[in-house]
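*Asks:* here you go, sequence then predicted model.
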Amino acid sequence: MSRRGRLDAVIAGGGVVGAAAALMLARQGWQVALVEPKQPPAWQRAVRDLRVFAFAPDNAALLQELGVWGDVCAARVQPYRHMRVWDAAGGDALRFDADALGQQQLGWIIENTVLVDALWRALPQAGVRLHCPAQVATLEQDSAGVRVGLDDGVQLEASLAIAADGGNSALRTLAGVSVERRDYHQQGLVAFVSSQQAHGFGCWQRFLPTGPVALLPFNADGDAALDGRLGSIVWTLPTEEAQRLRELDGIHFEAELAQAFGGELGAFTLQSARAAFPLARQLATSLLADRVLLMGDAAHVVHPLAGQGVNLGLRDVSALHAVVRDGQLRSADAVSDQTLARWARTRKSENAVNARAFEVINRVYSNDGLLPTFLRGHALGIAGRLPPLTHALWRHAAGL
C-alpha cells in the first residue's frame with residue numbers, strides 16, 4: 001500500500017505538543033499529516049487523569065489562538081492563585097500571589113487527557129490528515145524535503161518532518177540525533193488526595209532531603225466534600241523509596257504524606273490509585289537534522305519540580321508559529337534552512353538553560369549536607385522578601 005501527495009509537514013506524535021503543532025500549522029494553511037500509534041482516549045468527567053500539568057498563561061494564549069482553549073475550560077480546569085514553596089530544613093517560605101502580581105490567576109491545573117482530547121477534536125476540521133494507528137518506520141531526506149515511511153506501508157512526502165513522539169522518539173533516532181541523558185535515580189510518585197485543611201486553591205511545594213513533594217489544587221466538580229481540598233500530588237523520591245510508598249497500604253501512606261508536608265495541610269486521604277514514573281534529564285544534541293525538527297519530550301525531558309515540561313514543549317510550538325507567521329507576512333520561505341537553524345539554536349539554548357537550572361535546584365534542595373541545608377531555606381526567604389525578584393521568577397515561569 002502506498003500513498004503519495006506532497007505535504008508541507010509530517011508530525012510524529014499526537015500528544016499535547018505534536019497535536020498542537022499540527023493544529024497550528026494547519027491553521028496557517030499548511031498541508032499537515034499527524035502520525036500516532038494509538039488513538040488517544042476521549043476525556044471522561046468520571047475519570048481523573050493522574051497526569052496533570054501546571055499550565056502557564058503564555059500557553060493558554062497559544063491554545064486560545066488555536067481555537068481550543070474554550071473547549072479545555074469547558075471540560076475541567078482548576079485556576080490557581082497562590083503558590084508556597086518552603087524547605088523542611090527551615091527558613092522562610094517563598095510565596096507567589098496572583099493579587100500581588102496583578103493577575104487573575106497564576107496558571108491552571110489541567111489533565112493531559114483534557115488537552116489532548118480538545119486538540120484532537122479540532123484536527124479534522126482544520127484539515128489535518130490523521131494516520132492512526134501508525135508509526136514512523138523509515139526516513140529519507142534530501143534538500144527538497146523528507147520521505148517518511150509508516151509501518152502500514154504508507155509513504156508520505158513533505159517539506160518538513162517534526163519529531164514530537166516522546167523521550168524515546170523513533171523519528172529522532174532515524175534522523176541520527178543523539179541525546180545527553182542523566183538518570184536522577186528518582187521517581188515521581190503521583191496520586192489524587194484530599195487534605196484535611198483547605199489548600200486555598202494554591203500550589204504547595206516542600207523540599208525534603210529526598211526530593212520535593214508538591215500538591216496541586218484540583219477541580220472537585222462540585223463535590224462539596226472535596227471542594228477546596230482535592231489535590232494532585234507529585235512526590236520526588238529515590239527509586240526504591242518511591243516503590244515502597246507506592247505499594248504501602250493506604251493508611252500508612254497517608255500518614256507519611258502528612259509528615260512529608262510537615263503537617264501544613266493536616267491529614268490526607270487517598271482519592272485514587274498511585275503511580276510512579278522515572279525521572280531524568282535528557283537533551284537532544286541538536287533540534288534540527290536537515291529537514292527534521294525536534295520538539296517536546298523528543299527534544300528535552302526535564303525534572304518536574306517546576307512543572308515546566310509541557311510548557312517548554314508548547315513554547316517550541318509557539319516559537320515555530322512565530323517563524324511561520326513572520327515568513328508568510330514577509331512572503332518569504334518560512335522553512336528555509338537558515339530560518340530553521342535559527343529556531344533550533346534558540347529553542348535548544350532556552351531548553352538547556354531551564355533543564356540544567358531545574359537540575360541544580362533539585363540537587364541543592366535534595367541534599368542533607370550541612371552547608372546546602374544552612375543556606376537554602378534562607379535563600380527562599382530572601383527571594384520572597386524581594387518583590388521584583390519574585391515577580392521576575394513568576395514571569396519567567398509564566399512565559400511572559
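*Replies:* Nice, I can see it.
*Asks:* measure stretch 200-219 end to end?
*Replies:* 12 Å (Cα to Cα, to the nearest Å).
*Asks:* what comes up buried for stretch 144-162?
*Replies:* Within stretch 144-162, the residues that qualify as buried are 145-150, 154, 156-162, counting by 16 or more other Cβ atoms under 10 Å. Any C-beta I mention is one placed from the backbone N, CA and C, and that applies to glycine too.
*Asks:* now tabulate the residues you listed in JSON lines and tack on secondary structure.
*Replies:* As requested, the buried residues of stretch 144-162 are exported to JSON lines (DSSP: H, G, I helix; E, B strand; the rest coil):
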{"residue": "145", "secondary structure": "strand"}
{"residue": "146", "secondary structure": "strand"}
{"residue": "147", "secondary structure": "strand"}
{"residue": "148", "secondary structure": "strand"}
{"residue": "149", "secondary structure": "strand"}
{"residue": "150", "secondary structure": "strand"}
{"residue": "154", "secondary structure": "coil"}
{"residue": "156", "secondary structure": "strand"}
{"residue": "157", "secondary structure": "strand"}
{"residue": "158", "secondary structure": "strand"}
{"residue": "159", "secondary structure": "strand"}
{"residue": "160", "secondary structure": "strand"}
{"residue": "161", "secondary structure": "strand"}
{"residue": "162", "secondary structure": "strand"}
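*Asks:* wait, residue 181 sits on residue 281?
*Replies:* Yes. Under the criterion of Cβ atoms under 8 Å, residue 181 makes contact with residue 281 at 7.2 Å.
*Asks:* comparing those two, which residue is more hemmed in?
*Replies:* With neighbours defined as other Cβ atoms under 10 Å, residue 181 and residue 281 compare such that residue 281 has more, 19 against 11.
*Asks:* show me where the stretch 251-400 of the chain has strands.
*Replies:* For the stretch 251-400 of the chain, strands defined by DSSP state E, counting those that start in this stretch occupy the ranges 268-270, 275-284, 288-289, 292-294, 300-301.
*Asks:* so which of these is nearest residue 101?
*Replies:* Of all the strands of the stretch 251-400 of the chain, it is strand 300-301 that lies closest to residue 101, at 27.0 Å by Cβ to Cβ.
*Asks:* show me what the closest one is in contact with.
*Replies:* Identification of contacts with strand 300-301 by Cβ atoms under 8 Å, 6 or more residues apart in numbering yields 167, 280-284, 309, 312-313, 351-352, 355.
*Asks:* out of these, which are buried?
*Replies:* Buried by 16+ other Cβ under 10 Å: 167, 281-284, 309, 312-313, 351-352, 355, out of the contacts of strand 300-301.
*Asks:* take these and lay them out in a markdown table including pLDDT and distance to residue 215.
*Replies:* Output for those, formatted as a markdown table (pLDDT from 0 to 100; distance: Cβ to Cβ, whole Å):
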| residue | pLDDT | distance to residue 215 |
| --- | --- | --- |
| 167 | 96 | 26 |
| 281 | 91 | 24 |
| 282 | 94 | 26 |
| 283 | 95 | 29 |
| 284 | 97 | 32 |
| 309 | 81 | 18 |
| 312 | 93 | 22 |
| 313 | 96 | 24 |
| 351 | 87 | 27 |
| 352 | 88 | 29 |
| 355 | 80 | 24 |
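*Asks:* can you lay out the contacts of strand 300-301 as CSV showing distance to residue 222?
*Replies:* Output for the contacts of strand 300-301, formatted as CSV (distance: Cβ to Cβ, whole Å):
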residue, distance to residue 222
167, 37
280, 38
281, 40
282, 40
283, 42
284, 43
309, 30
312, 33
313, 32
351, 39
352, 43
355, 39
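*Asks:* of the residues you listed, closest to residue 33?
*Replies:* Proximity of these to residue 33 (Cβ to Cβ) peaks at residue 313, which lies at 19.7 Å.
*Asks:* tell me the pLDDT at residue 398?
*Replies:* Reported pLDDT at residue 398 in the predicted model: 52.
*Asks:* burial count for the closest residue to residue 278 other than its chain neighbours?
*Replies:* Among residues not flanking residue 278 along the chain, residue 187 sits closest, at 5.5 Å (Cβ to Cβ, 6 or more residues apart in numbering). Using other Cβ under 10 Å, residue 187 is surrounded by 23 other residues.
*Asks:* residue contacts, residue 187?
*Replies:* 236-239, 242-243, 276-279 are the contacts of residue 187 under Cβ under 8 Å, 6+ apart.
*Asks:* hmm, back to that, and the strands of the stretch 251-400 of the chain as TSV, adding distance to residue 85?
*Replies:* What follows is these, written out as TSV (distance: least, Cβ to Cβ, whole Å):
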stretch	distance to residue 85
strand 268-270	19
strand 275-284	19
strand 288-289	36
strand 292-294	31
strand 300-301	22
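*Asks:* sorry, back to before: would the residue nearest to residue 278 count as being in a strand?
*Replies:* Yes. When three-state DSSP is applied, residue 187 is found to be in a strand.
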